[in-house]
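J.: whatever this is, show me its structure:
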Amino acid sequence: MTPHLPALQVIVPMLCAPLIVLLKPRGLAWAGASAAALLSFAIALNMALAIAGGGTFGYDMGGWAAPYGIELWVGPFSALVLLIVTGAGAAAMLAGRASVDRQIDVERQPLFYSAWLLALAGLAGIAVSADAFNIFVFMEISSLASYVLIAGGPDRRALPAVFKYLIMGTIGATFYLIGIGLVYMMTGTLNLADMETRIGNVVDINPILVAAGFITIGLALKAAVFPLHVWLPNAYTQAPHMVTVFLAACATKVAIYVLIRFDFFVFQANFENHQLQFSLFLMPLALAGILVASAVAMFEGHIKRLLAMSSVAQIGYIMLGASFVSQSGLTASAVHLFNHALAKGGLFLAIAGLACHYRDLRLDQLAGAARSMPLTSAAIVICGFSLVGIPGTAGFISKWLLIDAAMDQGRFAWLLVAIILISSLMALAYVWRIIETLYLKPAVAALAPREAPWPLLAVTWLVALANIGFGLFPQFPLALSEAAAKLLLMHTL
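T.: Predicted coordinates:
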């Protein structure tokens, strides 16, 4: 069974999705979807452990070898992304039954859980695919399912939010497809490894350069890289709480994965001076995103929107590490992919807990919540400290690695380090606003002490403790990230 794990990573949630629609009794659809999500996570963990030991997974669908057949491939970078996707999907599913029952009509829940598994299958398929067009196919599967999930809640404000997300996502996917079409026109192949080889033999390189521009902008839009992030704050804010947990932890990170993988493997292996062009394009956007989004978050009054803007800034950190085009920078970028998923996933889980008793998630309405929900509030403190990069948390590891990578950037090193430190202080400011509201401000109304439902609270604390665990013992994600950085710089899948 082990050689088939890359295929099973997609097949399990994909085949379970239509079956979930048939499970009408209350709770049965949730149980089936949870089992499928847990099995997907077990598959991803199995592959990640094997790859951390030095292996890789390749799979030819139907026995047809690449480039004529569809190839699946899982290496260190894709294994890390699969852990994020399947872990976020399983954690949100296990924690979210009470939240989904409160926000989604019982009759529509089988359809909701089916869309959830389709989004999971699409995101996992992007990570395992070694074919440029199949990446597009899985991208569309995950996007269409995500639109359904975001619009599935009772709040009608989600409809304009999802419409904006649909428009921007469609533009991004179209740009990516145009770029792939141009590359295929010049090389006659869609397999990434074959594409990388054939581009070197192309006489007229101008269409490939245009393709690189289309692909980079399309994927940057999907990844919400500043200033192409306008769809993200409303989508995260208006989505059902468990959908926000799932998508905030992994959706943009999968697009970042494709962007980095495509650029380093296909383009930088063939274009002279492309590393410099990549840095000059992404580094200013990353720095602007870090500072502007952090500044907006400092003054935002709605807790979900505040953390959504924080995600834009954290995406800036990830892209900043990649823009260094160095092993230390890419390692920091990959580690921060993982650590930010832990921190932001834990924060949105805790917010889903607050939403059980606070319908309005504006900060001024959450005053004194720690008195009635001490465990939920404590989880917010831990995950918030990880987001800031306090020592002893997972976020500190990636921030430290990013500063170390920035120190190697010559004359601009001091400026880069200063921006990272200033933005971390800005993150501390907006996280402190949340903590101050929960713990120090008088409650707006007398509430009987009661916590979130225990399954949600248990998963929230599991993720919160993981932020401490991977802060003290970061060897596993660090090993995968270092191996991924080496392969990217070698222009190897």
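J.: wait, residue 456 touches residue 353, no?
T.: Yes - in this structure, residue 456 is within contact of residue 353 by Cβ atoms under 8 Å, at 5.4 Å. For glycine as for every other residue, the C-beta is placed from the backbone atoms N, C-alpha and C.
J.: below-threshold pLDDT in this protein: ranges please.
T.: Along the chain, the model assigns pLDDT under 70 to residues 1, 269-270, 272, 274, 444-449, 491-493.
J.: give the burial count for residue 123, as a bare number.
T.: Look at residue 123: counted by other Cβ atoms under 10 Å, it has 33 neighbours.
J.: show me what counts as buried in the helix or strand where residue 211 lies.
T.: If you go by DSSP states H and E, residue 211 is part of helix 206-222. Buried positions in helix 206-222, judged by neighbour count with 16 or more other Cβ atoms under 10 Å: 207-208, 211-212, 214-222.
J.: alpha carbons of the next helix-or-strand element following that helix, as PDB, please.
T.: Using DSSP H and E, the helix or strand that follows helix 206-222 in sequence is helix 232-238. Extracted in PDB, the C-alpha atoms of helix 232-238 (Å, rounded to 0.1, in the frame of the first residue of the first chain):
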ATOM      1  CA  LEU A 232      -8.800  37.800   1.800                       C
ATOM      2  CA  PRO A 233     -10.000  40.000   4.700                       C
ATOM      3  CA  ASN A 234     -13.700  39.800   3.900                       C
ATOM      4  CA  ALA A 235     -13.500  36.200   2.900                       C
ATOM      5  CA  TYR A 236     -11.900  35.100   6.200                       C
ATOM      6  CA  THR A 237     -14.200  37.400   8.300                       C
ATOM      7  CA  GLN A 238     -17.500  36.400   6.800                       C
END
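J.: just checking, next helix/strand downstream of helix 232-238?
T.: Per DSSP H and E, the first helix or strand lying C-terminal to helix 232-238 is helix 241-262.
J.: which helices and strands does that following helix pack with?
T.: Applying 3 or more Cβ pairs under 8 Å, 6 or more residues apart in numbering; DSSP states H and E, we find helix 241-262 packed against helix 76-95, helix 97-103, helix 109-128, helix 132-151, helix 206-222, helix 232-238, helix 303-323, helix 327-354.
J.: and it, how far out from the chain's middle?
T.: Its chain's C-alpha centre and that of helix 241-262 lie 2 Å apart, by Cα atoms, centre = their mean, to the nearest Å.
J.: repeat for stretch 372-380
T.: So, by Cα atoms, centre = their mean, the centroid of stretch 372-380 is 25 Å from its chain's centroid.
J.: swap in stretch 367-379?
T.: 27 Å.
J.: begin at 36, not 1, for the rest of this chat.
T.: Fine by me, first position is 36 from now on; the one you just mentioned is stretch 402-414.
J.: just to revisit the earlier point, report the two of the buried residues of helix 241-257 separated the most.
T.: 242 and 257 (22.4 Å; Cβ to Cβ).
J.: re the thing from before, got the helices and strands packed on helix 276-297 as JSON lines, with distance to residue 222 columns?
T.: What follows is those, written out as JSON lines (distance: least, Cβ to Cβ, whole Å):
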{"stretch": "helix 111-130", "distance to residue 222": "23"}
{"stretch": "helix 132-138", "distance to residue 222": "45"}
{"stretch": "helix 144-163", "distance to residue 222": "21"}
{"stretch": "helix 167-186", "distance to residue 222": "10"}
{"stretch": "helix 241-257", "distance to residue 222": "8"}
{"stretch": "helix 267-273", "distance to residue 222": "33"}
{"stretch": "helix 338-358", "distance to residue 222": "25"}
{"stretch": "helix 362-389", "distance to residue 222": "26"}
